[in-house]
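Visitor: Structural data only, the sequence is not supplied:
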């Protein structure tokens, strides 16, 4: 499915939850969705578009954590990034690892480093931080004592 076909399908299948679509280049597209639409958007990318989840990244903003789900469409060699933002002080979002095992470790990593809780995650234990690391202290969070702007 070409990127234009993927975008047309996203627009028609997620009309309420799609906030904005930004085409930065022919090979790089960003689709902004509300947090409650991330599972539906991810399922669509995986099951309908046959895209591969490359990774999920997180950015700690002042008002919340922005999550970027980077999908690679192998047929067209194009990236589509599904972006959303979860609010602080208790950022949480539904897990996509429930249907996409490739998201398991990256969601655990984002929980460890940024404190985002992935609701329904099949294995929510720590991945990166040591067992003795203080609970609630997130090394990539703005609030972390070692973080410098």
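Guide: Structure received. Note that the structure is predicted; figures quoted are calculated from it, not measured.

Visitor: so residue 77 sits right up against residue 27, yeah?
Guide: Yes. Residue 77 lies in contact with residue 27 (CB atoms under 8 Å); the separation is 6.7 Å. Just so you know, the C-beta spots here come from the backbone N, C-alpha and C atoms, and that holds for glycine as well.

Visitor: Report the set of residues contacting both of these two.
Guide: Between them, residue 77 and residue 27 share no contacting residue under CB atoms under 8 Å, 6 or more residues apart in numbering.

Visitor: the more surrounded of these two?
Guide: residue 27 (13 against 9; other CB atoms under 10 Å).

Visitor: Tell me if I'm right that residue 85 and residue 66 touch.
Guide: Yes. Between residue 85 and residue 66 there is a contact under CB under 8 Å: 4.8 Å.

Visitor: Beyond the lowest-mean-pLDDT helix or strand in the chain, next helix or strand please.
Guide: None of the helices or strands of the chain scores lower by mean pLDDT, DSSP states H and E than helix 3-13, at a mean of 67. Counting by DSSP states H and E, the next helix or strand C-terminal to helix 3-13 is strand 18-25.
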